[in-house]
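> Requesting a structural model of the entry that follows:
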Amino acid sequence: MQLDFNSPIESFAIPEGVRCACIFVAVARLAACEADRAGSSLINVPRTIALIDLLVARRIYTLFLSTNQVFDGDTPHVAADAPMSPVSEYGRQKAETESLLHKRMADGAPIGVLRLAKVVSPGMTLLSTWTQELARGRAIRAFSDMTMAPTPVDLVAISIARMMEERLSVIA
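Coordinates of the predicted model:
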């Protein structure tokens, strides 16, 4: 059975033997969230929470992948427990979901939150294109309206695996 975030989650049958789950489905493009606030919010907040509630009801550890976009980007090295200050619709939706999860975590639910910045991999089209252009002696145009700390995909995979193996109910 496939999970369809455009349909009610409650009818989804969780396969037997599932001990942990990682939630990484989302409408994640900033422009897409701005263009369709209601549609993206439906998937990013209530449907995500419904899925997590379904999993937690079966005591399945659930790791929610969030974003650095829950902060405004003005302060480097923000502490995990700092007040959220999103400036984008996507950030606001993720912050709302996190707030709902924080309450569940405080009540002992087996949930972890991992906030990620821009995840990059060596074969990423943007980076490959930049490398090619620079090798040809051409100028590239990087973003000037967003500060970020690229996160290597292998570090993300290791972090997800560790949090799931150890069932860490933390915000990292």
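
> Residue 64 belongs to a helix?
No. Counting by DSSP: H, G, I helix; E, B strand; the rest coil, residue 64 is located in no helix; its state is strand.

> Quick check: pLDDT value at it.
pLDDT, residue 64: 98.

> what's across from it in the sheet?
residue 23, residue 113 (DSSP bridges).

> Contact partners for it?
Residues near residue 64 by Cβ atoms under 8 Å, 6 or more residues apart in numbering: 23, 48, 52, 97, 98, 101, 111, 112, 113, 114. For the C-beta atoms, the positions are set from N, CA and C on the backbone; glycine is no exception.

> The nearest residue to residue 50 once chain neighbours are set aside and residue 104, how far apart?
Sequence neighbours aside, residue 9 is the residue nearest to residue 50 in space, at 3.9 Å (criterion: Cβ to Cβ, 6 or more residues apart in numbering). Separation of residue 9 from residue 104 (Cβ to Cβ, to the nearest Å): 15 Å.

> just residue 158 next, same as before
Plainly put, residue 158 is 26 Å away from residue 104 if you go by Cβ to Cβ.

> what's next to the longest helix along the chain, contact-wise?
For the chain, the helix with the greatest residue count under DSSP state H is helix 89-106. Helix 89-106 has contacts (Cβ under 8 Å, 6+ apart) with 26-30, 33-34, 37, 40-41, 44-45, 48-49, 52-53, 56, 64, 66-67, 69-71, 84, 86, 109, 111, 113, 169, 171.

> With neighbour numbers in mind, choose between residue 158 and residue 104.
The neighbour comparison of residue 158 against residue 104 (other Cβ atoms under 10 Å) goes to residue 104, with 17 against 11.
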